[in-house]
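Asker: I would like to see how this sequence folds:
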Amino acid sequence: MRLGRYPFRGGIDRYIESRKGSWNTKTTKKEERRKLEQIGKELEALKAQGRISTTDPRHLTRSDVQEYMVELRKVDPSFQNKQIGRLKRYMAFYKNHVIEEMKNEGFRMPKTPRKPIRALSEDELYAVFGCLDELKRWPGSVARGLMALSFATGRRPSELRLAHMEDLNLRKRTFFVRYPKGEGNWASPEEVGIIREDMVPLIERYVRERAAHLQKKKAANAIALFPNTLSTNGFYSANRFNQIKHKVEVLSGVDFKLKDFRSTLTTITINGDMSRVIGMSVQLGHMDPNTTLKSYNRIERSVARKRLKDVWRESPIMVSKTPSIENRFEMTGYG
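Answerer: Alright, predicted model coming up:
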């Protein structure tokens, strides 16, 4: 079998085709291809430097894999773990089980650390939603609709990005999740509630602005809830969604990820009342309420430090100020 001048990238099409049916959305296929091509380019750079012997997935050696892992140390451990797993599956497709053998021999692989799940504070939420009117034209409309629906439903960015207009029912205050994460494996399309009534005016405004935009573009039949009239499939890419989100970050001064609305809604809704965990589990699309509970506990840990920072105000220690200190730190009186 000939894989061409660049054998690692040359074998990707065959591998992607072999996975047909196990990946349930076009976005998964596209993402997998992009990440494999990234690995291929990195291997080609290592070969050009004389650090590995080949880029052919059939003939990569233990030494080649180790050299790639050294290069990967420059990035986040969780990304290292995902890329090594992706490389292992790809090589195994071509009957090369070097990485599996390394694991069986006890070779230490990158571990994915459990990161705290971030929830936006009340001040951060006010900053984000307070700046949305400053965003103009169609990207501003998308930002308003996207932020509001994310916070109102707690659903994943991909589930909103791939939604159809008919999936949104403002009269019933529901949202139909057409393409849930794990679709076909452990999840099925489902209807969830729009549980933040305060977000409804923003969503209604987005619907009006969407209609006006499509009329202007002569694309009234667009099916996407967030239609991209410049795209061949009519939907936004994940990257474009993030670009729009970045505009909000710049204006609000708050760095966040779209999925932070999911964790923020969770912690605000449960707010210590464990009886709400099961309902929130359904809302988020978790199969097991324990997943929601674990997520909630991790969120609580991530905000614990913020809560502790102002506890000192409950029992302040009065420290006499010296002139020199007072001149330097007017707010606290000491450094």
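
Asker: mind checking pLDDT for residue 221?
Answerer: On pLDDT, residue 221 comes in at 89.

Asker: give me the number of residues near the residue nearest to residue 163 when sequence neighbours are not counted?
Answerer: Of all residues not flanking residue 163 in the chain, residue 225 sits nearest, at 4.1 Å (C-beta to C-beta, 6 or more residues apart in numbering). To be clear about C-beta, it is placed using only N, CA and C from the backbone, and glycine gets the same treatment. By the criterion of other C-beta atoms under 10 Å, residue 225 has 24 neighbours.

Asker: what about residue 225, distance to residue 20?
Answerer: 27 Å (C-beta to C-beta, to the nearest Å).

Asker: Just want to check the distance between the residue nearest to residue 163 and residue 157.
Answerer: Distance from residue 225 to residue 157, by C-beta to C-beta: 12 Å.

Asker: before we move on, what about residue 189?
Answerer: As judged by C-beta to C-beta, residue 189 and residue 157 stand 17 Å apart.

Asker: Give me the more crowded residue out of these two.
Answerer: residue 157 (19 against 12).

Asker: I'd assumed residue 237 was in contact with that one.
Answerer: No. Under the criterion of C-beta atoms under 8 Å, residue 157 lies out of contact with residue 237, with a separation of 11.2 Å.

Asker: Buried residues in stretch 28-45, which are they?
Answerer: Neighbour counts over stretch 28-45 (16 or more other C-beta atoms under 10 Å) mark 32, 35-36, 39-40, 42-44 as buried.

Asker: Residue 231: which of these is nearest?
Answerer: Closest to residue 231 out of those is residue 32 (20.0 Å), distances taken as C-beta to C-beta.

Asker: I'd like to know which elements the helix or strand harbouring the closest one is packed against.
Answerer: Assessed by DSSP states H and E, residue 32 sits inside helix 26-48. Judged by 3 or more C-beta pairs under 8 Å, 6 or more residues apart in numbering; DSSP states H and E, helix 26-48 is in contact with helix 7-10, helix 12-18, helix 62-72, helix 77-93.

Asker: Please list the outside residues in contact with the second one.
Answerer: Around helix 12-18, the neighbours that count as contacts under C-beta atoms under 8 Å, 6 or more residues apart in numbering are 29, 32-33, 36-37, 40, 90, 93-94.

Asker: quick one on the thing from earlier: would you mind giving both backbone torsions of the residue nearest to residue 163?
Answerer: phi -60, psi -40 (degrees, to the nearest 10).

Asker: can I assume it is in contact with residue 159?
Answerer: No. Using C-beta under 8 Å, residue 225 is not in contact with residue 159; the gap is 10.3 Å.

Asker: residue nearest the centroid of the protein?
Answerer: In the chain, the centroid-proximal residue (C-alpha atoms, centre = their mean) is residue 259; its distance is 5.3 Å.

Asker: Distance to residue 168 and mean pLDDT for the helices and strands packed on helix 26-48 - can I get that in CSV?
Answerer: Formatted as CSV, the helices and strands packed on helix 26-48 follow (distance: least, C-beta to C-beta, whole Å; pLDDT from 0 to 100):
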stretch, distance to residue 168, mean pLDDT
helix 7-10, 40, 90
helix 12-18, 32, 89
helix 62-72, 41, 92
helix 77-93, 32, 90
